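Engineer: The sequence and its predicted three-dimensional model are supplied below.
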Amino acid sequence: MIKQGKAWKFGDDISTDHIAPGRLFHLRTNLPELAKHVLEDADPEFAAKMSQGDFVVAGNNFGLGSSREHAPQVLKIAGVNAVLAKSFARIFFRNAINIGLLLVECDTDKINEGDELELELSTGMIKNKTQGTEIKITPLPDVMIKILNDGGLAKHIEKYGDFQLV
Amino acid sequence: MGKTIAEKIIGEHCAKEVKAGEFVVANVDVTAVQDGTGPLTIQEIQKINLEQAKNPERTILFIDHAAPSPRKELSNAHKILRDFAKKTGAILSEVGEGVCHQRLVEDYVNPGEILVGADSHTCTSGALGAFATGMGSTDVGIAIALGKTWLKVPETYKIVVNGKFQQGVYAKDLILHLIGLIGADGATYKALEFTGATIKNMPMADRFTLSNMAVEAGGKAGLIASDEITREYLISRGRGDKFRVIDSDPDAVFERIIEIDASQIEPTVSCPHTVDNTKPARELSDIKVDQVFIGTCTNGRIEDLRIAAEILKGKKVHPDVRLLVVPASKEIFIKASREGILETLMEAGAAINTPGCGPCVGVHAGILGDDEVCLATQNRNFQGRMGNPKGNIYLSSPATAAFSAITGKISDPRAVLIIQ
């Protein structure tokens, strides 16, 4: 599976409050509407600027804070192909995989805003087509690959009626 | 080989010996959601025809984040929780009963148990010697429906605290100090185990404050061995029979050991917009505050309100400051009322609000204006946290918050407490 898109850069410590702000709490039961505000408190123009299939590229500890699963949900609904970061906060990491949003742990320092990226999961590499470079991906744990391949945790449980992970 | 608290509890829940790093499916004793995460939980399990609660009497749905509801969309979200409770027999914690994490330690979680909650501060219950961790809506939905979850057994950081706090220094200062030391991702995926003489002598209220903020260093759990202090707390809550000793073995393997001398810690404040951006309160004396908020699952307990009342008794809140106080639960509210604490705080100028999360989640009851500064006893100061990305949030202990409400600027409470 190859995914292509443009990079949008963010810094370290992007919290779930940046991604799905608490002041929009009332939109949590209306995710398509909440998705129009995705990452609004980190970059108010992001939702308007991005195109379907683009990549969010960040530094350390992406997704820290509140356990709100609405944060990965709105990234996915907005059409973000994958989030690339040097590291992810724990709860966000589980949530994203559970709902089928692809996360990629890699060195993001050499990716610039606007770079055209090509992600090929089978080779474990990201091609930076703008810069003509390649970046290695840290593989996901097997448990998470199984969940992702089944289309998320709910679909995994629907398929097997129980956990078939370990 | 010896085991950590996390390895022991998780092992008991999957009926085998486990070691840090292993992936397991474990039984779960208690599950919880709140009004911000619960509607999505229910929707997700409805989609796969699993709208059920395996252990309804230990499944609790909390209406605390937007309680009472400030708008119709949230009132409708609350209805989803009430309907699910009726259908499944799960317990509903209604408007005004309090913040989920406070209610969970008051009435539901016991040493040696596993709690998974759809709220990041679920780690609070780790202070009871339980493995308590926050997850998202779907994870908790599956745990509610099937009574189990998948876990990676975490590696553990042992946090050894010795020494006596200076007057005016509290558990909140200790945990802010630790997060400043190791960073907001300093313990990502790890369990923290707090131990040492300072912890062994620490009352439960302060232990809850420590465990509550483990997630602010990225931690999966904030664990404290259960002991006589835990036992007395459980007896006071009518659950003395649920006490058991949970502790790590002397030869347990810890990934990292961090030693802290409590006597060296000063009143500490987290500055905008990350919790690890800590400074001593005395260095922030030129920061004017517009709002002071005392409450939350971190510091809204009776012990916290007593400290605030002691500082504010007979004084007036600075004319440029509004002071908001939200007891963390109904029981705390009643106790504070009986002890005259509410009267003292209100005479000083405080506004008291319904037990719940209050303004901490930015939904209602104290949203900041543009460029306003809030000093709060909560656990997070992220940009936008209190409902306005143009607001600035500082975090402190209740003592620092109460004294700063009087002076109108961030103020080191040692000045007032030592005089008193």
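Structural biologist: Alright, I've got the coordinates.
Engineer: Residue of the stretch 151-300 of chain B nearest chain A, please.
Structural biologist: Nearest to chain A, among the residues of the stretch 151-300 of chain B, is B:Asp185, at 3.9 Å (CB to the nearest CB). The way it works is simple: take the backbone N, C-alpha and C, and place the C-beta from them, glycine included.
Engineer: ok now do the residue nearest to A:Lys129 when sequence neighbours are not counted, which residues does it touch?
Structural biologist: Excluding the flanking residues, the one nearest A:Lys129 by CB to CB, 6 or more residues apart in numbering or on different chains is A:Glu116, at 4.3 Å. Contact analysis of A:Glu116 by CB atoms under 8 Å, 6 or more residues apart in numbering or on different chains lists A:Gln4, A:Gly5, A:Lys6, A:Ala7, A:Asn128, A:Lys129, A:Thr130.
Engineer: rerun at 7 Å
Structural biologist: A:Lys6, A:Lys129, A:Thr130 (CB atoms under 7 Å, 6 or more residues apart in numbering or on different chains).
Engineer: Using a markdown table, lay out these together with secondary structure and pLDDT.
Structural biologist: Shown next, in a markdown table, are the contacts of A:Glu116 (DSSP: H, G, I helix; E, B strand; the rest coil; pLDDT from 0 to 100):
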| residue | secondary structure | pLDDT |
| --- | --- | --- |
| A:Lys6 | strand | 97 |
| A:Lys129 | coil | 97 |
| A:Thr130 | coil | 98 |
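Engineer: Quick one: which of those residues is the most crowded by neighbours?
Structural biologist: A:Lys6 (18 neighbours; other CB atoms under 10 Å in any protein chain shown).
Engineer: just checking, it touches A:Asp54?
Structural biologist: Yes - counting by CB atoms under 7 Å, A:Lys6 does reach A:Asp54; the two are 4.8 Å apart.
Engineer: Just to be sure, B:Ile159 is in a strand?
Structural biologist: Yes - counting by DSSP: H, G, I helix; E, B strand; the rest coil, B:Ile159 is found in a strand.
Engineer: wait, it sits on B:Ala187?
Structural biologist: No - applying CB under 7 Å as the test, B:Ile159 and B:Ala187 come out as separate, 9.1 Å apart.
Engineer: pLDDT score assigned to the nearest residue to B:Glu22 once chain neighbours are set aside?
Structural biologist: Distances taken as CB to CB, 6+ apart put B:Val153 closest to B:Glu22, at 4.8 Å, once the chain neighbours are dropped. On pLDDT, B:Val153 comes in at 98.
Engineer: ok, B:Val153 - contacts?
Structural biologist: Contacts for B:Val153 (CB under 7 Å, 6+ apart) come out as B:Ala6, B:Glu7, B:Ile10, B:Val18, B:Lys19, B:Ala20, B:Gly21, B:Glu22, B:Val24.
Engineer: near chain B, which residues of chain A show up?
Structural biologist: Chain A comes close to chain B at residues A:13, A:15, A:17-18, A:21-23, A:25-26, A:28-29, A:41, A:60-61, A:64-70, A:87, A:89-91, A:94-95, A:98-99, A:141, A:143, A:153-154, A:157-158, A:162-163, A:165-166, as judged by CB under 7 Å from any CB of the partner chain.
Engineer: Could you list the alpha-carbon positions for the strand or helix carrying A:Leu117 in PDB?
Structural biologist: For A:Leu117, the element it lies in under DSSP states H and E is strand A:116-120. Extracted as PDB, the C-alpha positions of strand A:116-120 are listed here (Å, rounded to 0.1, in the frame of the first residue of the first chain):
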ATOM      1  CA  GLU A 116       5.800  15.600  -1.300                       C
ATOM      2  CA  LEU A 117       6.000  12.300   0.600                       C
ATOM      3  CA  GLU A 118       5.400   8.700  -0.500                       C
ATOM      4  CA  LEU A 119       4.800   6.200   2.300                       C
ATOM      5  CA  GLU A 120       5.300   2.500   1.500                       C
END
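Engineer: Report the buried residues of it.
Structural biologist: By 16 or more other CB atoms under 10 Å in any protein chain shown, the buried positions in strand A:116-120 come out as A:Leu117, A:Leu119.
Engineer: Quick one: distance of it to the chain centre.
Structural biologist: 14 Å (CA atoms, centre = their mean, to the nearest Å).
Engineer: looking at this, B:Leu324 is in a strand?
Structural biologist: Yes - residue state for B:Leu324 (three-state DSSP) corresponds to a strand.
Engineer: Model confidence for B:Val416, exactly?
Structural biologist: 83.
Engineer: Can you tell me the SS state at it?
Structural biologist: Here B:Val416 is recorded as helix under three-state DSSP.
Engineer: Quick check: which element contains the nearest residue to it once chain neighbours are set aside?
Structural biologist: Counting by CB to CB, 6+ apart, B:Phe403 is the residue found nearest to B:Val416 once chain neighbours are left out, at 5.1 Å. Taking DSSP H and E as the definition, B:Phe403 sits inside helix B:398-407.
Engineer: Quick one: list the elements packing against that helix.
Structural biologist: When contacts are defined as 3 or more CB pairs under 7 Å, 6 or more residues apart in numbering or on different chains; DSSP states H and E, helix B:398-407 sits against strand B:291-295, helix B:302-312.
Engineer: got CSV for those, with mean neighbour count and mean pLDDT too?
Structural biologist: Converted to CSV, the helices and strands packed on helix B:398-407 look like this (neighbours: other CB atoms under 10 Å in any protein chain shown; pLDDT from 0 to 100):
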stretch, mean neighbour count, mean pLDDT
strand B:291-295, 29, 98
helix B:302-312, 23, 98
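Engineer: Does chain A have contacts with the lengthiest helix in chain B?
Structural biologist: Criterion DSSP state H: the longest helix present in chain B is helix B:72-88. Yes - interface with chain A: helix B:72-88 contributes B:Glu73, B:Leu74, B:Asn76, B:Ala77 (CB under 7 Å from any CB).
Engineer: now stretch B:45-52
Structural biologist: Yes - using CB under 7 Å from any CB, stretch B:45-52 reaches chain A at B:Lys47, B:Ile48, B:Leu50.
Engineer: I'd like to know how many residues surround residue 131.
Structural biologist: This is for chain A. 14.
Engineer: right idea, wrong chain: chain B
Structural biologist: For B:Phe131, the count of nearby residues is 32 (other CB under 10 Å).
Engineer: In JSON lines: the helices and strands packed on helix B:398-407, plus distance to chain A.
Structural biologist: Converted to JSON lines, the helices and strands packed on helix B:398-407 look like this (distance: least, CB to the nearest CB, whole Å):
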{"stretch": "strand B:291-295", "distance to chain A": "14"}
{"stretch": "helix B:302-312", "distance to chain A": "22"}
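Engineer: Would you mind putting those into TSV with distance to B:Gly222 alongside?
Structural biologist: Below are the helices and strands packed on helix B:398-407 laid out as TSV (distance: least, CB to CB, whole Å):
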stretch	distance to B:Gly222
strand B:291-295	20
helix B:302-312	18
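Engineer: one step back: not counting the helix holding B:Phe403 itself, show me its contacts.
Structural biologist: Here helix B:398-407 makes contact (CB under 7 Å, 6+ apart) with B:168, B:170, B:267, B:269, B:281, B:289, B:292, B:294, B:299, B:304, B:307-308, B:311-312, B:315, B:317-318, B:321, B:323, B:375, B:377, B:410-411, B:413, B:416-417.
Engineer: Next, the nearest residue to B:Cys360 once chain neighbours are set aside: secondary structure please.
Structural biologist: Of all residues not flanking B:Cys360 in the chain, B:Gln378 sits nearest, at 4.2 Å (CB to CB, 6+ apart). Assigned with three-state DSSP, B:Gln378 falls in the coil class.
Engineer: wait, what's in contact with B:Gln378?
Structural biologist: Contacts of B:Gln378 (CB under 7 Å, 6+ apart): B:Phe293, B:Thr296, B:Thr298, B:Cys360, B:Leu395.
Engineer: Can you tell me which of the residues you listed are buried?
Structural biologist: For those, buried by 16+ other CB under 10 Å: B:Phe293, B:Thr296, B:Thr298, B:Cys360, B:Leu395.
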